[in-house]
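**Q** requesting a structural model of the entry that follows:
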Amino acid sequence: MEQQLKNIEKTYSIEKELGRGGMGVVYLATDRRLDRKVAIKVLNISGGNEKSDVPFEEVVQRFQREAKAVAQLTHPNIVSIYDVGSEDEAYYMVM
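**A** The predicted model follows:
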């Protein structure tokens with residue numbers, strides 16, 4: 001498990017990796033507070049973005065815009081955002 005997930009695991013029990021993409025890694029987890037399954041998307045800062053010409057701050061802003069945009073949507077085929085945050089340079093959203 002990645003070091004950056006240690007603080008996230010205080011609230012969410014991470015079970016396994018579901019997939020990777022250009023922007024991040026998605027994990028299957030359980031919300032310890034509400035005892036429900038969630039997906040956690042963690043922004044991939046070190047695993048690919050160093051090759052990009054996009055500054056770190058812009059990558060974080062895009063991630064935050066994505067979370068805000070998805071949070072405004074309500075549809076059975078679109079995930080709901082339950083939480084968004086950062087812990088020790090680990091930016092994440094919980095769906």
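**Q** centroid-wise, who is the farthest residue in this protein?
**A** In terms of distance from the mean C-alpha position of the chain, Asp53 ranks first, at 21.8 Å (Cα atoms, centre = their mean).
**Q** how far off centre is the helix or strand hosting Gln61?
**A** Applying DSSP states H and E as the criterion places Gln61 in helix 56-71. Between the centre of helix 56-71 and the centre of its chain there are 11 Å (Cα atoms, centre = their mean, to the nearest Å).
**Q** in it, what counts as buried?
**A** 59, 63, 66-67, 70 (16 or more other Cβ atoms under 10 Å). All C-beta spots, glycine's among them, are computed from the backbone N, C-alpha and C.
**Q** stretch 31-42: end-to-end distance?
**A** With Cα to Cα, to the nearest Å as the measure, stretch 31-42 spans 15 Å from end to end.
**Q** next, the buried residues of it.
**A** Those would be 31, 38, 40-42, for stretch 31-42 by 16+ other Cβ under 10 Å.
**Q** just want the angle from the least confident helix or strand in the chain by mean pLDDT to helix 56-71.
**A** The helix or strand of the chain with the poorest confidence is strand 83-87; it has a mean of 87 (mean pLDDT, DSSP states H and E). Between strand 83-87 and helix 56-71, the angle comes out at 160 degrees (axes from the mean of the first three to the mean of the last three Cα atoms, to 10 degrees).
**Q** list the contacts of the residue positioned nearest the centre of the chain.
**A** With the centre of the chain defined as its mean C-alpha position, the nearest residue by Cα atoms, centre = their mean is Lys41, 2.4 Å away. By Cβ atoms under 8 Å, 6 or more residues apart in numbering, Lys41 lies in contact with 23-26, 92-93, 95.
**Q** so which of these comes closest to Lys6?
**A** Lowest distance from Lys6 to these (Cβ to Cβ) belongs to Tyr92, with 12.3 Å.
**Q** which regions of this structure lie under the pLDDT threshold?
**A** Residue ranges of the chain with pLDDT under 70: 1-4, 45-52.
**Q** quick check: which element contains Tyr91?
**A** Judged by DSSP H and E, Tyr91 forms part of strand 90-94.
**Q** no more questions from me, cheers.
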